[in-house]
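In: quick one: sequence and predicted model below, then my questions.
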4 protein chains.
Amino acid sequence: MLIRLGYDIRFDIQAPVAMAALLTVHPSRRPYLREPDRLTVEPGVRVEEYRDMFGNIATRFIAPAGPLRLFNSTLIEDSGQPDPVSPWAREVPVGELPPETLRYLMSSRFCEVDLLSPIAVELFGDAPRGWARVAAICAWVNSKVTFSYVQARSTRTALDVFTERVGVCRDFQHLAIAFCRAMNIPARYTAGYLGDIGVPPTGSPMDFSAWFEAYLEDRWWTFDARHNTPRIGRVLLATGLDATDVAITTSFGAAKLTHFEVVTDEIV
Amino acid sequence: MLIRLGYDIRFDIQAPVAMAALLTVHPSRRPYLREPDRLTVEPGVRVEEYRDMFGNIATRFIAPAGPLRLFNSTLIEDSGQPDPVSPWAREVPVGELPPETLRYLMSSRFCEVDLLSPIAVELFGDAPRGWARVAAICAWVNSKVTFSYVQARSTRTALDVFTERVGVCRDFQHLAIAFCRAMNIPARYTAGYLGDIGVPPTGSPMDFSAWFEAYLEDRWWTFDARHNTPRIGRVLLATGLDATDVAITTSFGAAKLTHFEVVTDEIV
Amino acid sequence: MLIRLGYDIRFDIQAPVAMAALLTVHPSRRPYLREPDRLTVEPGVRVEEYRDMFGNIATRFIAPAGPLRLFNSTLIEDSGQPDPVSPWAREVPVGELPPETLRYLMSSRFCEVDLLSPIAVELFGDAPRGWARVAAICAWVNSKVTFSYVQARSTRTALDVFTERVGVCRDFQHLAIAFCRAMNIPARYTAGYLGDIGVPPTGSPMDFSAWFEAYLEDRWWTFDARHNTPRIGRVLLATGLDATDVAITTSFGAAKLTHFEVVTDEIV
Amino acid sequence: MLIRLGYDIRFDIQAPVAMAALLTVHPSRRPYLREPDRLTVEPGVRVEEYRDMFGNIATRFIAPAGPLRLFNSTLIEDSGQPDPVSPWAREVPVGELPPETLRYLMSSRFCEVDLLSPIAVELFGDAPRGWARVAAICAWVNSKVTFSYVQARSTRTALDVFTERVGVCRDFQHLAIAFCRAMNIPARYTAGYLGDIGVPPTGSPMDFSAWFEAYLEDRWWTFDARHNTPRIGRVLLATGLDATDVAITTSFGAAKLTHFEVVTDEIV
């Protein structure tokens, strides 16, 4: 399957400001690109590309005063298969986990593992270990939290989601991630393209989406506490501890968003 | 100057549990070791050493049931000089910061930059930029927060320190770090050995200590909002976003601390 | 001046549910009513009226399943004068405050005096005492917090307002109240009718409004950190420690709001 | 049974400061006093007595600079019976609750009913209604929270207790109160004398104690999530929404506690 990817994001900039962006597909997906994947900035400025500490391809540039436009259009090959499901994937004892997964057992800005641990043990301590336990966590979060764009809030943590029971996709994932970590299952936050491929169109404008990955058996697996059903056509942009590490754009000073458009379409 | 370093940390373990430790001097200090620096675990178990995502030397092992002892004694050469002070070190514009410092501008578990930003701007927006601004932050935190061991709490965040005005060394650093980041100055948390060298003995038992580093001009500099005065003989163990990343020992299950002893003595 | 007051509030009720309402003008304003002021409930149910612990006239009833309508229209005489301003009103030492004002120095659900005290002292400790200090508090809150209906959130506390710097009228008052109490000035939350009398129409639909009262000299005075300017035509409904005590309607179970209309018009 | 009650509380006062105290037995217990119950303040100052908004007998005075001593000794008659247990006491539907109990269904500073409601429903929604439900709440809190004097913290809320699982007697009651209110059962905080009568001596110095009352059937009943077993010899001092309203002493400015002694002994 071929998927057309793209975005057109515009800001109004009052004074020159440094910006960073995670708008390039993740290194793991680069081999599948069928067209170049390059962030274009208008007006033209020098765009510096670097790997961040999580292995994502990040960019940085100075946005001059005036209108700013970030856009791109590229084409990627996809398996066309839904997220893999592997009900017998085992939990790995902490002593045997690859060392690079250990940090994903600890707390981060939006995932207070320390505060949610007793709760996680009460809710999921009796769930079968491994895949079924992560599935139980996703099902719980999905059934207890109500999706609400208008109640989105950039400071909402996993504990806030647990008490407020409302949120957008990132909030669902933050709570599920915190619960997984509390059960000693490494979990990391991911963002990427996720269109309406294989599902009825939602009618709402496309956006980037957040999901998460849990480490079971011998690899990271895709989970999504928001949709809680395997989906087709996810294209990974970046991973990190939580949304703090995976901001699509970050401006280190004022920048007013004026336009936001994302494309993720199957090419038939 | 030669400094004798060491520790003797004991636990009572009910059931086998995976543990991780950051008990080896930081790679940047390894060349100055005059004796081997190796964590000894009793009873003898396989100890795996690895680099974590922040470049620290970490170890992991399975603690068997029964008494557990982690100990070490080593010798290191030190300049004997107090922390360098460089009042003219400049703030680096975000657009010119080395990319690997950018993550240290963002929030982390114990440093809610998002919540403390307006406060930081109000308190320090008029301070001279660069070294003087970080010094102003340290002076403010040092004068407003009261040290209290008995009120230590592992879940206290920078915002909690700001409202409660009480804490141990890690709390002082968390608040200062959050303020620096809010002012677009990269700041990271550090832990290490810090004895009473060059200062009157405190009389309290030695412990590891926390301080922090801020990036100015072209390098990371040592700051310490707890003591707020240059000190002699810091030996770095590990750095990270905040105390979450720099736990001396972490047990992934129950482990009861029974003994804790740290040595940091100048050898005359 | 005569002011026409009224409301028409509708709910959809799935299962019978107990409701409480504060929809009757405050006893202090009753003598000025020129028409009866009585909450009408449709369908007709028994409405019980009682004084709550703050002296407000409250009502309670059982809402049956189906559509529910609460409405009223009444007429009140008003001085037509703006909120009194008394720049020389003194702060009363705590030892001389009327005992019934003392509770308004302490914390409540949305006003964490304990957490905000050091901050208040830093911000307002040097302000002239008395009226000028409350005015300084209102000016600070008014200038630092941005009004935003879309970011309204029923769980936002004064500390949240202080960090998030955004809110609706109740949020402005909660932060100002917490600051006043921290400075040992009794402050209480009030809700009532506030139309566009004497000011340019806002264009947005009328709503009830929140303001607050501070105790100075020998009485409670009206302050409003949201508008921060004397207004004409406030008609008090209820007072309490904070918004918890002064909910216009409370349902002890599910009730879906379907229509909300408030009238506060000068009769010319 | 006769119980000797008393206290000797001392402060060091730097500058004159207003203080309030709730150190007189509750009006409901006054008829049982066998000796006068009067707070003595040394040095002698005018002590003003008043009823607070919850019906407690409160006192206020100005403490002069220097040493301050509050003391008292009195004798009270007690039934000698343990707290009544009434397993068939019914939950009263909100529509039928006495109006003065309704405020005790809402949030207060330390009891965030709004944040804990979904959690309460998940934990206790299936418990039998009435006495058994309150008992289930007390049993849950008692078994999940660990008592710890050294981890006491005056800012800990019910939600903090729920996540931290540690606290002193007030913390146990705050969480239980929040859960009761979330289930539409009025609950209020109480403080008073509670000695070791009928139980083995704890060995720790006497203190005042906190418990709570829940409204069932036709009255308020004593519950105690800390001890979770009927006790003999409670003597009520004051009730309120939570610990904010029931502070034994409050100083409106600095006052250093230097001595604290409470007596609650059965006279044989």
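Out: It's in.
In: chain neighbours aside, what residue packs nearest to the spatially most central residue of chain A?
Out: In chain A, the residue lying closest to the centroid (CA atoms, centre = their mean) is A:Ala191, at 2.3 Å. Closest residue in space to A:Ala191, ignoring its immediate chain neighbours: A:Val246 at 4.6 Å, by CB to CB, 6 or more residues apart in numbering or on different chains. Backbone N, C-alpha and C define where each C-beta goes, glycine included.
In: quick one, grab the pLDDT at that neighbour.
Out: pLDDT, the model's per-residue confidence, is 96 for A:Val246.
In: run a quick neighbour tally on A:Asp224.
Out: By other CB atoms under 10 Å in any protein chain shown, the residues close to A:Asp224 number 24.
In: isn't it right next to A:Glu213, touching?
Out: No - A:Asp224 lies out of contact with A:Glu213 (CB atoms under 8 Å); the separation is 9.9 Å.
In: ok so, going back, shouldn't the residue nearest to A:Ala191 be in contact with A:Tyr189?
Out: Yes - between A:Val246 and A:Tyr189 a contact is recorded at 5.7 Å, counting by CB under 8 Å.
In: which residues do those two both contact?
Out: A:Ala210, A:Thr239, A:Gly240 (CB atoms under 8 Å, 6 or more residues apart in numbering or on different chains).
In: so which elements touch the host helix or strand of the first one?
Out: When you say that, I think you mean A:Ala210. Under the criterion of DSSP states H and E, A:Ala210 resides in strand A:208-216. If you count contacts as 3 or more CB pairs under 8 Å, 6 or more residues apart in numbering or on different chains; DSSP states H and E, strand A:208-216 packs onto helix A:131-144, helix A:169-182, strand A:187-193, strand A:219-223.
In: please identify which of those is closest to B:Asp160.
Out: Using CB to CB as the measure, helix A:169-182 is the one of the helices and strands packed on strand A:208-216 that comes nearest B:Asp160, at 18.7 Å.
In: anything in that closest one near chain B?
Out: No - using CB under 8 Å from any CB of the partner chain, helix A:169-182 stays clear of chain B, coming no nearer than 10.5 Å.
In: export that helix as PDB, just CAs?
Out: The C-alpha trace of helix A:169-182 is given here as PDB (Å, rounded to 0.1, in the frame of the first residue of the first chain):
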ATOM      1  CA  CYS A 169      -5.300  10.900  22.300                       C
ATOM      2  CA  ARG A 170      -2.200  11.900  24.200                       C
ATOM      3  CA  ASP A 171      -4.000  11.700  27.500                       C
ATOM      4  CA  PHE A 172      -5.200   8.100  26.900                       C
ATOM      5  CA  GLN A 173      -1.600   7.000  26.000                       C
ATOM      6  CA  HIS A 174      -0.100   8.800  29.000                       C
ATOM      7  CA  LEU A 175      -2.300   7.000  31.500                       C
ATOM      8  CA  ALA A 176      -1.800   3.600  29.800                       C
ATOM      9  CA  ILE A 177       2.000   4.200  29.700                       C
ATOM     10  CA  ALA A 178       2.100   5.000  33.400                       C
ATOM     11  CA  PHE A 179       0.100   1.900  34.200                       C
ATOM     12  CA  CYS A 180       2.400  -0.300  32.100                       C
ATOM     13  CA  ARG A 181       5.500   1.100  33.700                       C
ATOM     14  CA  ALA A 182       4.000   0.600  37.100                       C
END
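In: quick one: closest of the helices and strands packed on strand A:208-216 to D:Ile177.
Out: helix A:131-144 (23.7 Å).
In: of all the residues in chain A, which ones are close to chain D?
Out: A:Glu112, A:Leu115, A:Leu116, A:Pro118, A:Ile119, A:Lys144, A:Leu159, A:Phe162, A:Thr163, A:Glu164, A:Arg165.
In: what number of residues are in the vicinity of the second one?
Out: It refers to A:Leu115. Here the number of neighbours of A:Leu115 (other CB under 10 Å) works out to 22.
In: chain center to the helix or strand hosting A:Ile9: distance?
Out: If you go by DSSP H and E, A:Ile9 is part of strand A:2-13. In terms of CA atoms, centre = their mean, to the nearest Å, the centre of strand A:2-13 is set 17 Å apart from its chain centre.
In: could you do stretch A:210-220 as well?
Out: On CA atoms, centre = their mean, the centre of stretch A:210-220 falls 12 Å from the chain's centre.
In: returning to what we had before: out of the helices and strands packed on strand A:208-216, deepest packed?
Out: Comparing the helices and strands packed on strand A:208-216 by mean neighbour count (mean count of other CB atoms under 10 Å in any protein chain shown), helix A:169-182 ranks first with a mean of 29.
In: now for that one, which elements pack on it?
Out: Helix A:169-182 packs on helix A:113-124, helix A:131-144, helix A:158-164, strand A:187-193, strand A:208-216, going by 3+ CB pairs under 8 Å, 6+ apart.
In: rounded mean pLDDT for that helix, please.
Out: pLDDT averaged over helix A:169-182 gives 98.
In: so how far is it from its chain's centroid?
Out: On CA atoms, centre = their mean, the centre of helix A:169-182 falls 11 Å from the chain's centre.
In: rewinding a little: tell me the strands beside the strand holding A:Ile9, with direction?
Out: strand A:66-77 (antiparallel), strand A:256-267 (antiparallel) (DSSP bridges).
In: just put those in TSV and tack on mean pLDDT.
Out: Formatted as TSV, the strands paired with strand A:2-13 follow (pLDDT from 0 to 100):
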stretch	mean pLDDT
strand A:66-77	97
strand A:256-267	95
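In: rebuild the ones you listed as TSV, extending it with mean neighbour count.
Out: As requested, those are exported to TSV (neighbours: other CB atoms under 10 Å in any protein chain shown):
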stretch	mean neighbour count
strand A:66-77	17
strand A:256-267	15
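In: among these, which is nearest B:Leu123?
Out: strand A:256-267 (25.7 Å).
In: can you point out the buried residues in stretch A:149-157?
Out: A:Gln151, A:Ala152, A:Arg153, A:Arg156, A:Thr157 (16 or more other CB atoms under 10 Å in any protein chain shown).
In: what's next to that stretch, contact-wise?
Out: A:109-112, A:160, A:164, A:166-168, A:171, A:174, A:204, B:112, B:114-115, C:150-151, C:153, C:163-164.
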